[in-house]
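> the amino acid sequence is not available; the structure is as follows:
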């Protein structure tokens, strides 16, 4: 089975940096996705980490440690539009499903 | 716009009824995935099709069924509807069968069972 743990909610200030952590336990592991989902809207892809380490993409970076079953999403220079849920999703590989966590609801305040 | 089209956007129906949700994947994508998202819950994987064939199955109820047609569009059929089936139903598509690439989600169908 798969178990994913993320904080339910976080609040951060506009212009600041926030780190959203995710720990997971899976019966197989190929990589880990992060998706962003605004309320009532479709999830949109942010990143996919396969190897250990930090991958940077503009204001967003994602880190993976396969041995620790741990990932984080780092958001810099927060903007109000970053208020959304961030979904951590490990992928077991092959034709296995991608399992989404319940997500972390981030609120950015002025 | 992700390129994935879902219809209808909203659906209100009574308990016991049957509905069909439709999804057109992005041009060139062979895989279609269906997810259910209930209020304040995560995306629950239902089923995946690749080029017309079922590839993976999640916690999909027996009352639910799906198929992917030769033109690659997919339909999710929900029958004997219950109040608890009220949710957002998302369709996503990707190029490959293993979901190790970016998936593009449609805007969802919001189903309300009354």
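That came through, no problem. Every value quoted in this text rests on a predicted model; they were computed, and no experiment measured them. Numbering: from 1, shown residues only, chains lettered A, B, ... in the order given.
> quick one, what contacts residue 69?
As the question left the chain open, I've gone with chain A. Shown here is residue A:69, whose contacts under the criterion C-beta atoms under 8 Å, 6 or more residues apart in numbering or on different chains are A:23-26. C-beta here means a position set from N, CA and C on the backbone, and glycine is covered the same way.
> look at chain B instead
B:52, B:75.
> any idea how far it lies from residue B:23?
10 Å (C-beta to C-beta, to the nearest Å).
> quick check: neighbours shared by those two?
With C-beta under 8 Å, 6+ apart, residue B:69 and residue B:23 have common neighbours residue B:75.
> next one: the worst-scoring helix or strand of chain A on mean pLDDT to chain centre, how far?
None of the helices or strands of chain A scores lower by mean pLDDT, DSSP states H and E than strand A:3-5, at a mean of 90. Counting by C-alpha atoms, centre = their mean, to the nearest Å, strand A:3-5 is centred 12 Å from the centre of its parent chain.
> just stretch A:10-23 next, same as before
With C-alpha atoms, centre = their mean, you get 11 Å for stretch A:10-23.
> and for stretch B:23-40?
Centroid separation between stretch B:23-40 and its chain, computed with C-alpha atoms, centre = their mean, is 5 Å.
> within range of chain A, give me the residues from chain B.
Contact residues (C-beta under 8 Å from any C-beta of the partner chain) of chain B with chain A: B:2, B:4, B:35, B:40-43, B:45, B:48, B:55-56, B:58, B:88, B:90, B:97-108.
> selecting buried members of the residues you listed in ChimeraX, what would you type?
To isolate the buried members of the residues of chain B next to chain A in ChimeraX, using 16 or more other C-beta atoms under 10 Å in any protein chain shown:
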select /B:2,4,35,42,43,45,48,55,56,88,90,97,98,99,100,101,103,104,105,106,107,108
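> and chain A, which residues reach chain B?
So chain A meets chain B at A:30-31, A:40-45, A:48, A:50, A:87, A:91, A:93-103 (C-beta under 8 Å from any C-beta).
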